[in-house]
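A.B. asks: Give me a 3D structure for the following:
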Amino acid sequence: MRVAVVINTSWNIWNFRRGLVRALQAAGHEVLAIAPPDDYSGRLESELGCRYVPILMENKGTNPVKDAQLTRRFLRIYRRERPDVLLHFTIKPNIYGTLAARLAGIPCINNVSGLGTVFIVENLVSKVARGLYRFAFQFPYKVFFQNNDDRELFIRYGLVKPMLTGLVPGSGVDLARFQPVAAPPATPFTFLMVARVLYEKGVVEYFEAARQVRQALGPASVRLQLLGGLDEAGGVGVPRATFEQWLAEGHVDYLGTSDDVAAHLHRAHCVVLPSYREGTPKTLLEAAACGKPLVTTDVPGCRETVQNGRNGYLCQVRSADDLAAKLLQMAQLPPERLLAMGEASRQLAAEKFDEKLVLREYLAAVAEAGKN
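C.D. replies: Predicted coordinates for the structure are as follows:
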């Protein structure tokens, strides 16, 4: 069959859905990658062997005229390319791609990988978004959720019928690619946050907690790092000027972006994500697979990755003080306790978040949808 993977960036396909693409190809399917062009678009063809199909898509904003045009662009591509099954990821493909799939008569499988700002903040935009989900989600063959809280929320709001839903452990993690290394990280004790520089990822709380931790332990004994790109679009990202002011205070080392996240994970003692809400964060799954203790917020998506006190600590959402307290607690653990936490993270990743579990669900759903 011809299967199309549709996401809001080519980078997203490369970083989060590479295993899915390869699994579909191994099962004998031709894979189309439909996404806006960026630096990773060419790699989808040259290294993954997809046929890349570009589409113009604004990831932020809810302009109804532009969104109607996006639906027409999806429809035009779907009618031209005639995939047998569509796999939609991220908000706009989930909504407008689904409407186009309905018009084109192509079955689609959607993935709600996180609820985003429209569910974190209650306003007119969130009400409009829920209405759009309610309308569009009448039509998918199946809708996968990455945690049960999100699934129950959609059902409670009447956005999707329970019979259409499925549950997968995030996008899973490649346990062969992300493994513990024998050598322990060098001193000083290093915390690493891997996330785009967005307010909803808890970046404000991380910077404030960094200040408190360095003040309590001394700047020479602890290091706090941030790996991830700036994203100023749509008002949800931290403006560059503001971010540079924070960095100038000297409490957090900014590492920019990297295609080798595993190398940075291996150099850290503990991985941190103080997000306001997630699907199931890939970065924490990768960190767990690398055998790292975790500190994250007690919110849907994040709490699934931590058994509190066993492989890390859960902190209160939007609380820099509580985040700092958990970081201090982690930094002062004896080495043997840190090692045991890391081993527990690896065990949890292997038992609960193995990418093979996710791929099995997708391959079965694609096979079923393709028969209809």
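A.B. asks: Arg72: what's it in contact with?
C.D. replies: Ala100 (C-beta atoms under 8 Å, 6 or more residues apart in numbering). To be clear about C-beta, it is placed using only N, CA and C from the backbone, and glycine gets the same treatment.
A.B. asks: In three-state terms, label it for me.
C.D. replies: helix (DSSP: H, G, I helix; E, B strand; the rest coil).
A.B. asks: Report the residue spans of this protein with pLDDT below the cut-off.
C.D. replies: The model of the chain has pLDDT under 70 over residues 59-64, 116-122, 233-235.
A.B. asks: Tell me which residues touch Ser113, please.
C.D. replies: Phe89, Thr90, Gln146, Gly170, Ser171, Gly279.
A.B. asks: Next, give phi and psi for the first one.
C.D. replies: Recorded main-chain torsions at Phe89 are phi -130, psi 150, according to degrees, to the nearest 10.
A.B. asks: what bridges to it?
C.D. replies: Asn111 (DSSP bridges).
A.B. asks: who touches it in this structure?
C.D. replies: Going by C-beta under 8 Å, 6+ apart, the list of residues near Phe89 reads Val5, Val6, Ile7, Asn8, Asn12, Phe16, Arg17, Asn110, Asn111, Ser113.
A.B. asks: What segments of the stretch 151-300 of the chain are strands?
C.D. replies: Taking DSSP state E, counting those that start in this stretch as the criterion, the stretch 151-300 of the chain carries its strands at 165-167, 189-194, 222-227, 253-254, 270-273, 294-297.
A.B. asks: ugh, typo on my part, it should be the stretch 1-150 of the chain
C.D. replies: Shown for the stretch 1-150 of the chain, the strands assigned by DSSP E, counting those that start in this stretch span residues 2-6, 30-35, 51-54, 85-89, 108-112, 142-145.
A.B. asks: any residues touching stretch 9-27, and which ones?
C.D. replies: Identification of contacts with stretch 9-27 by C-beta under 8 Å, 6+ apart yields 3, 5, 7, 31, 33, 35-41, 43-44, 48-50, 52, 59, 87, 89-90, 171-172, 174, 282, 355, 358-359, 362-363, 366.
A.B. asks: if we can go back for a sec, for the strands of the stretch 1-150 of the chain, which one sits closest to Glu205?
C.D. replies: strand 108-112 (24.9 Å; C-beta to C-beta).
A.B. asks: Go through the closest one and flag the buried ones.
C.D. replies: Neighbour counts over strand 108-112 (16 or more other C-beta atoms under 10 Å) mark Cys108, Ile109, Asn110, Asn111, Val112 as buried.
A.B. asks: So the second one is in contact with His88, correct?
C.D. replies: Right, the one you point to is Ile109. Yes: counting by C-beta atoms under 8 Å, Ile109 touches His88, with 7.2 Å between them.
A.B. asks: any common contacting residues for the two?
C.D. replies: Applying C-beta under 8 Å, 6+ apart, one finds that Ile109 and His88 are jointly contacted by Pro140.
A.B. asks: I'd like the strands of the stretch 151-300 of the chain laid out as CSV, including distance to Arg318.
C.D. replies: CSV is the format used below for the strands of the stretch 151-300 of the chain (distance: least, C-beta to C-beta, whole Å):
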stretch, distance to Arg318
strand 165-167, 27
strand 189-194, 15
strand 222-227, 18
strand 253-254, 22
strand 270-273, 13
strand 294-297, 8
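A.B. asks: As TSV, those with mean neighbour count would be great.
C.D. replies: TSV is the format used below for those (neighbours: other C-beta atoms under 10 Å):
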stretch	mean neighbour count
strand 165-167	16
strand 189-194	24
strand 222-227	21
strand 253-254	14
strand 270-273	28
strand 294-297	27
